[in-house]
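J.: Please work out how this folds:
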Amino acid sequence: MSQKYEGVTVVDHPLVEHKLTIMRNKETSTRGFRQLLREIAGLLTYEATRDLPLEELQIETPLTAMTGRKIAGKKLVYASILRAGNGLLEGMLDLVPSARVAHIGLYRDPETLEPVEYYFKAPDDLSERTVICVDPMLATANSAVAAVEKLKGRGAKDIRFVCLLAAPEGIERFRAAHPDVPVFTAAIDSHLNDHGYIVPGLGDAGDRMYGTK
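T.: Below is the predicted model of the structure:
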C-alpha cells in the first residue's frame, strides 16, 4: 500500500495496476510500452477530470426531447512536458480530442539534475481554462515544478498534474512548491536512486517509449 499524501490521488484501479505491471517489465517491447502508456493515460484522465463543471443542454434523442449535461466553459488544456509527456498526451487526446495542447520543453541536466528550458508554447487564455500538466515520471520533481511555474506565469489558475509514477521525494518537493496543484498518479514507488531514477520504477520512460538510449 502506497503512503498517502495530501493532494495526491493514486489511481489504483485493477486495469491500471495490470497495465503498469506489464510496462515495468524490462522485456516489454517499445511498441507494447507505448500502447500501454496511451491506455493508462485515458484511465488517469478519468480521475483528473472527475470534478469538471457541467451545464445543462436541451437535445432531441430519436425518441423525445430531454435535458442532458455537457462540460461547461472553455476547452481543457493538456500541457505536455517534452518529450516523454507526449506518451501520456496521445491517450488523453483520445478521451478529449477537442482539448488544446501546450508544450513545455525541459530536459534534466545529468550533472545537477536541474531542469533546462528550451521551448514553451501555450494558448493565450490559460486563466480561463483547466490545465492538466503531464509527465510520466515525478522523480526529483524539478522539471514538474518548473513547468507549473511557467504555466502560472502565463495566468493558469486551475492546474492538475498527471504522472504515471511518483517518488516520495518528488511528491514532497512538488507539493511544497505548488500546494494548490493536485497530483494524480498510478503508483508511488519506494525512492530515488543516486541518479535521480525512481526505484523500482520502469527505467527512462522516454527511452522506453521511443526506443532510444
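
J.: quick one, strands of this protein?
T.: Here the chain has its strands, by DSSP state E, at 8-10, 54-60, 65-71, 77-82, 100-108, 115-121, 130-134, 137-138, 158-166, 183-188, 191-192, 198-199.

J.: Within its sheet, name the partner strands of the second one and how each one runs.
T.: Here strand 54-60 has these sheet partners by DSSP bridges: strand 65-71 (antiparallel).

J.: got a list of contacts for the strand it pairs with?
T.: Residues outside strand 65-71 that contact it (Cβ atoms under 8 Å, 6 or more residues apart in numbering) are L52, P53, L54, E55, E56, L57, Q58, I59, E60. C-betas here are computed from N, CA, C, even on glycine.

J.: Quickly name whichever of the residues you listed is closest to A102.
T.: L52 (17.9 Å; Cβ to Cβ).

J.: Report how many residues lie close to the residue nearest to that closest one when sequence neighbours are not counted.
T.: Nearest residue to L52, sequence neighbours excluded (Cβ to Cβ, 6 or more residues apart in numbering): I71, at 5.4 Å. Number of residues near I71 (other Cβ atoms under 10 Å) recorded here: 15.

J.: Could you report the distance from I71 to V16?
T.: 23 Å (Cβ to Cβ, to the nearest Å).

J.: And A144, by the same measure?
T.: 20 Å.

J.: These two: which is more packed in?
T.: A144 (30 against 20).

J.: thinking the more buried one is in contact with I81, fair?
T.: Yes. Counting by Cβ atoms under 8 Å, I81 is a contact partner of A144 at 7.1 Å.

J.: Pull up the overlap in contacts between those two.
T.: C133, D135.

J.: The closest residue to A99 other than its chain neighbours: what's it in contact with?
T.: Spatially, and ignoring its direct neighbours in sequence, A99 is nearest to L76 (4.2 Å; Cβ to Cβ, 6+ apart). Residues in contact with L76, defined by Cβ under 8 Å, 6+ apart, are T49, L52, V96, A99, R100, R129, T130, V131, I132.

J.: ditto for A186
T.: V10, V11, D12, V16, E17, L20, I40, L44, C163, L164, L165.

J.: so which one among those has the lowest pLDDT?
T.: Looking at those by pLDDT, the weakest one is D12, with 90.

J.: ok, it - how many residues close by?
T.: 13.

J.: measure T64 to K70 for me?
T.: For T64, the distance to K70 - Cβ to Cβ - is 18 Å.
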